[in-house]
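Asks: Can you look at this prediction? I've put the sequence above it.
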Amino acid sequence: MKWNGRLGIALCAVLCFALSLPVVAAEPLKIGLVLPMSGPFAGYGKQIEGGVRVYLKQHGDTFAGRKVVLIIKDDTGVAPEVSKRVAQELVVQDKVDILAGFGLTPSAFAVAPIATEAKKPMVVMNAATSAVTTKSNYILRTSMTLPQITAPIASWAAKNGIHKVFTVVADYGPGHDAEGQFKKTFVAAGGEIVGDVRSPVKNPDFAPFLQKVKDTKPDAVFLFLPAGEQPVGFMKGFAERDLAKAGIKLIATGDLTAETDLDAIGAPALGVINSFHYSEAHNSPENKAFLEAWYKSYAPDRPAFMAVAGYDGMHLIAETLKKTGGNADGDQFVEAAKGMKWMSPRGPVSIDPATRDIVQTIYIRRVEKVGDKLQNVEFDQVPDFKDPGKS
Ligand code: PHB
């Protein structure tokens, strides 16, 4: 009996070797997604999960011979203690191979030490404060950084007749990054900052800020708010208080005009100039295929940048595992992911080997009506742009 068993294993090993198959039956690949699935940022979880699932539908759910198993944990939004607890559960109880997701910066900051301690790859699919990737050597990011998406709109504004700007940002990591980079680039290009305010991350009331902006009479407001309810609320106030009629332009990062929120913002979005890495209107075969697959599963919901970052995060995991022969060991995985290059629905991207952050084209866009939809129409671009926040 024992002998037969041994013979069987030996035969299998020889056969597997001859067929270049792994000798041990491949373990499933467990990916633990930490995402806001409830609360005011639940839309982030929905978008990222959607992008992840669209990738699996298009490319199959087996990476380097390992069947992908998704385990999703709700961290409820800006709640670092919850993010930390659920990440710990994913590592200790669920024994995930890879941590991924992370809708908001506080969540990524809270989980970084867990990735380091457990030596697990951590793929950040949204959280966009520049410093996120410096918090653990196991972090790779497929979304963007705030300095990366802000510098191009600051340069564009300075070159296009905007001299005086009032900055309005959310009062946390991404907002501080956006404000700092906007001021740096705009002032270096000869512009002047005539005022700045930071609005609370939770339940902000924009009315007093909008009045202050109106009274200061800048040429433009530069705005960063986390995508979702806040941009919709801000735009409502901007229209109601007639800031545009007072001659005040609005420029922003593309978080303001995410396709998920454009329909709710409506006409006041028309003409807003912004800079970003993904537009639903991006004209490429990769984006066309992505959109087709997205709408097949999720119509009428529109995909935006977070869906694409989820999709690209899965691409990075799949292609990295091909390189490591299915090995998700933290150190080997991260080494293999460095320098990875691919064609995303957003355009060409790569992983900077020095920072593990994404390098990508940033587009300058104007919101226009295309057919029956409001879209971010790209009209200028900065190719191969690295995060300027780390240089
Ligand atoms: C973040 O918390 O890092 C964040 C959230 C929403 C955005 C951008 C950045 O639109």
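Replies: Perfect, thanks for sending it.

Asks: Quick check: mean pLDDT of the one helix or strand residue 32 maps to?
Replies: Using DSSP states H and E, residue 32 sits within strand 29-35. For strand 29-35, mean pLDDT rounds to 98.

Asks: near the ligand at all, the very next helix or strand once past that strand?
Replies: Following strand 29-35 in sequence order, the next helix or strand is helix 42-59 (DSSP H and E). No. Shown here: helix 42-59 not in contact with the ligand (CB under 6 Å from any ligand atom), separated by at least 7.0 Å. No exception for glycine: its C-beta is placed from N, CA and C like everyone else's.

Asks: Report the inter-axis angle for helix 42-59 versus strand 29-35.
Replies: Here helix 42-59 points in a direction 150 degrees away from that of strand 29-35 (axes from the mean of the first three to the mean of the last three CA atoms, to 10 degrees).

Asks: Can you give the distance of helix 42-59 from its chain's centre?
Replies: 12 Å (CA atoms, centre = their mean, to the nearest Å).

Asks: Can you pull out the residues in contact with it?
Replies: Residues from elsewhere that reach helix 42-59 (CB atoms under 8 Å, 6 or more residues apart in numbering): 33, 35-38, 68, 70, 72, 74, 77, 100-101, 103-104, 125-126, 227-228, 260, 289-290, 293-294, 297-298, 301, 303-304, 306-315, 318.

Asks: Looking at the residues you listed, which are in strands?
Replies: Among the contacts of helix 42-59, DSSP state E puts 33, 35, 68, 70, 72, 74, 100, 101 in strands.

Asks: between those residues, which has the most around it?
Replies: Using other CB atoms under 10 Å as the neighbour test, these are led by residue 101, with 36 neighbours.

Asks: low-scoring stretches of the stretch 251-391 of the chain, by residue?
Replies: 391 (pLDDT under 70).

Asks: before we move on, back to that, so of the contacts of helix 42-59, which ones are in helices?
Replies: Counted as lying in helices by DSSP state H, out of the contacts of helix 42-59, are 260, 289-290, 293-294, 297-298, 306-315, 318.

Asks: Quick one, which of those are buried?
Replies: Burial by neighbour count, judged by 16 or more other CB atoms under 10 Å, picks out 260, 290, 293-294, 298, 306-315, 318 from these.

Asks: just those residues now: which is nearest the ligand?
Replies: Closest approach between those and the ligand, by CB to the nearest ligand atom: residue 306, at 7.8 Å.

Asks: What residues does the closest one make contact with?
Replies: 44, 47, 48, 51, 103, 125, 126, 143, 227, 258.

Asks: Kindly recompute the last result at 6 Å.
Replies: Residues near residue 306 by CB atoms under 6 Å, 6 or more residues apart in numbering: 44, 47, 48, 126.

Asks: where along the stretch 251-391 of the chain do the strands fall?
Replies: With DSSP state E, counting those that start in this stretch as the criterion, the stretch 251-391 of the chain has strands at 273-276, 341-344, 347-351, 358-370, 373-385.

Asks: Most tightly packed of the ones you listed?
Replies: Burial of these is given as mean neighbour count (mean count of other CB atoms under 10 Å); strand 273-276 ranks first at a mean of 26.

Asks: Pull up the pairing partners for it, direction included.
Replies: If you go by DSSP bridges, strand 273-276 pairs up with strand 249-253 (parallel), strand 358-370 (antiparallel).

Asks: The contacts of helix 42-59: which ones sit near the ligand?
Replies: Contacts with the ligand within the contacts of helix 42-59, counted by CB under 6 Å from any ligand atom: 104, 126, 227.

Asks: Show me which of these is closest to residue 26.
Replies: Of all those, residue 126 has the smallest distance to residue 26: 29.7 Å, by CB to CB.

Asks: quick one: the closest one and residue 104 touch, right?
Replies: No. Counting by CB atoms under 6 Å, residue 126 does not reach residue 104; the two are 7.2 Å apart.
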